[in-house]
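Student: Below are the sequence and a predicted model for it; my questions follow.
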Amino acid sequence: MAAASQLLSLFFLLLLPACDAIYCDEDDCYDLLGVKQDANASDIKKAYYKLSLKHHPDKNPDPESRKLFVKIANAYEILKDESTRAQYDFAIEHPEEVFYNTAQYYRAYYGHKTDPRAVLIGLLLIVSAFQYINQLTRYNQALTWKICWFWRYRVKKLPYTWEDACYLTWISLQIPANAWKNMDESRKEDLVRRHLWEKSNMERYTSGTRKEPKRRR
Ligand SMILES: *[C@@H]1O[C@H](CO)[C@@H](O)[C@H](O)[C@H]1NC(C)=O
């Protein structure tokens with residue numbers, strides 16, 4: 001799962017159109033809350049509650065105020081968490097390390113929040129990985145089956161098991177799988193006992209069936 005989240009971070013890194021528009025976009029998170037960078041957690045909390053009351057959409061229907069309310073809430077989300085705050089501080093001090101910051105940001109931000117894009121890409125990745133593995137297994141199963149068949153019937157020359165004889169009969173008759181499945185057991189037994197996978201038996205059988213209906217009518 002760790003590898004998957006790393007892969008997701010990489011995806012966002014590639015998809016991200018503007019690498020500087022993270023955290024509080026073009027704003028400074030501390031400025032938005034009106035606190036200094038060295039403010040302690042309780043200062044930040046107090047500032048947030050004061051501002052969120054002031055700009056709450058219920059009290060202040062002005063659309064600008066609503067936008068500000070969202071921005072403040074976002075800034076608080078980043079600054080209230082010690083690790084995201086530390087990453088943000090690092091980002092302010094090292095603007096040249098944009099890529100590292102971006103990866104850190106997305107790992108922290110989407111690590112505990114469910115972003116619909118992350119879910120979508122994650123699902124796509126999981127589905128394609130699953131399909132890939134599924135195909136591999138099916139291929140391996142087919143290969144194993146072929147090897148077993150060769151070993152058992154060509155090398156050791158064992159008699160065919162009932163299932164394998166059924167399979168051979170069904171293949172030789174070239175009938176649909178469903179038709180074979182729905183056939184009654186006594187008819188199946190009769191056909192299997194004829195060893196139709198051997199050419200001569202098949203020829204005898206087909207010439208027989210061609211005459212049979214005429215004889216009955
Ligand atoms: C936070 O800092 C303020 C001064 O800015 C101070 O009054 C307060 O006691 C500090 N709180 C804690 C929990 O350190």
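Tutor: That came through, no problem.
Student: could you show me where the helices are in this structure, in order?
Tutor: 2-15, 29-33, 41-54, 63-80, 82-93, 98-112, 116-149, 162-173, 177-182, 185-193, 199-216 (DSSP state H).
Student: Just send those back as a markdown table, with mean pLDDT too.
Tutor: A markdown table is the format used below for the helices of the chain (pLDDT from 0 to 100):
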| stretch | mean pLDDT |
| --- | --- |
| helix 2-15 | 54 |
| helix 29-33 | 94 |
| helix 41-54 | 94 |
| helix 63-80 | 91 |
| helix 82-93 | 85 |
| helix 98-112 | 65 |
| helix 116-149 | 79 |
| helix 162-173 | 89 |
| helix 177-182 | 86 |
| helix 185-193 | 92 |
| helix 199-216 | 73 |
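Student: Identify, out of those helices, the most deeply packed stretch.
Tutor: By mean neighbour count, with neighbours taken as mean count of other C-beta atoms under 10 Å, helix 29-33 ranks first of these at a mean of 22. Quick note: C-beta positions are derived from backbone N, CA and C, even for glycine.
Student: how far does it sit from the chain's center?
Tutor: From the chain centre to the centre of helix 29-33 is a distance of 38 Å (C-alpha atoms, centre = their mean, to the nearest Å).
Student: Show residues contacting that helix.
Tutor: 23-24, 36-37, 39, 44, 47-48, 51, 71-72, 75-76, 78-79, 88 (C-beta atoms under 8 Å, 6 or more residues apart in numbering).
Student: residue closest to the middle of this protein?
Tutor: residue 126 (1.7 Å; C-alpha atoms, centre = their mean).
Student: Can you give me the distance of it to the ligand?
Tutor: 44 Å (C-beta to the nearest ligand atom, to the nearest Å).
Student: mind listing what that residue touches?
Tutor: Per C-beta under 8 Å, 6+ apart, neighbours of residue 126: none.
Student: same question, residue 194
Tutor: Shown in contact with residue 194 (C-beta under 8 Å, 6+ apart): 169, 201, 205.
Student: Tabulate those (JSON lines), appending distance to residue 187.
Tutor: Below are the contacts of residue 194 laid out as JSON lines (distance: C-beta to C-beta, whole Å):
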{"residue": "169", "distance to residue 187": "11"}
{"residue": "201", "distance to residue 187": "16"}
{"residue": "205", "distance to residue 187": "13"}
